[in-house]
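> What follows is a predicted protein model with its sequence.
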Amino acid sequence: MSPAPVGVKDNSLSIPVGLAVSGSNLYVTAFGSSKVGVFDTTALVNDTFTPNASSHITVSGGGPSGLALRANRLYVTIDPIDDVESILKFGTEDNLMIGTDYSHTDISANLSALDEVRGWVDEGRINNSQAKKILETNSKEFYRL
């Protein structure tokens with residue numbers, strides 16, 4: 001239907017690229033909407049789910065490209081084009097990881113992503129501790145290395 005009825009766009013997620021389940025929650029990264037959706041799996045199973053923007057976490061500066069859960073801790077992969085300063089305002093430095101393929105095979109994968117995060121320190125966008133977490137510590141925690 002074009003155009004969509006009023007409110008549909010606000011309650012929708014565009015270009016879902018990652019899914020993870022923890023307990024009774026389903027987490028969905030929506031790259032096109034720049035959001036992470038958090039949904040009650042019981043409502044989905046019982047067909048009582050109603051889309052609502054209140055279940056979305058906005059990720060400013062660019063869409064989240066993936067997520068993962070370990071021991072009830074949500075990790076989100078970020079891209080160097082993301083507005084990392086805004087994301088960090090939510091106390092997320094222990095939950096961000098950087099990669100170079102962003103959950104898909106694509107010749108446009110950013111192979112310089114690691115250097116770009118180091119550049120954020122030089123630019124004053126983040127501090128050394130935050131860079132180390134994004135580049136190393138959080139991945140080590142997630143993969144239990």
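Yep, it's here.
> Pretty sure Val17 sits in a strand.
Yes: per DSSP: H, G, I helix; E, B strand; the rest coil, Val17 lies within a strand segment.
> what pLDDT does the closest residue to it other than its chain neighbours get?
Distances taken as CB to CB, 6 or more residues apart in numbering put Phe31 closest to Val17, at 4.9 Å, once the chain neighbours are dropped. Using the backbone N, CA and C atoms, a C-beta is placed for each residue, glycine as well. Note for Phe31: predicted pLDDT of 83.
> From Pro51, how far out is Phe31?
18 Å (CB to CB, to the nearest Å).
> And these two? Which one has more around it.
Phe31 (22 against 14; other CB atoms under 10 Å).
> who touches that one in this structure?
Residues near Phe31 by CB atoms under 8 Å, 6 or more residues apart in numbering: Ser14, Ile15, Pro16, Val17, Gly63, Pro64, Ser65.
> Mark which of those residues are buried, thanks.
The neighbour-count criterion (16 or more other CB atoms under 10 Å) marks Val17, Gly63, Pro64, Ser65 among the contacts of Phe31 as buried.
> so which strand or helix has Asp115?
helix 113-123 (DSSP states H and E).
> and that helix, average pLDDT?
Helix 113-123 shows an average pLDDT of 90 in the prediction.
> immediately after that helix, which helix or strand?
helix 128-132.
> pLDDT of the helix or strand following that next one, averaged?
Using DSSP H and E, the helix or strand that follows helix 128-132 in sequence is helix 138-143. Mean pLDDT, helix 138-143: 88.
> on contacts alone, who are the packing partners of the helix-or-strand element of the chain with minimal mean pLDDT?
Using mean pLDDT, DSSP states H and E, strand 66-70 stands out as the lowest-scoring helix or strand of the chain, at a mean of 76. Judged by 3 or more CB pairs under 8 Å, 6 or more residues apart in numbering; DSSP states H and E, strand 66-70 is in contact with strand 16-22, strand 25-30, strand 73-78, helix 138-143.
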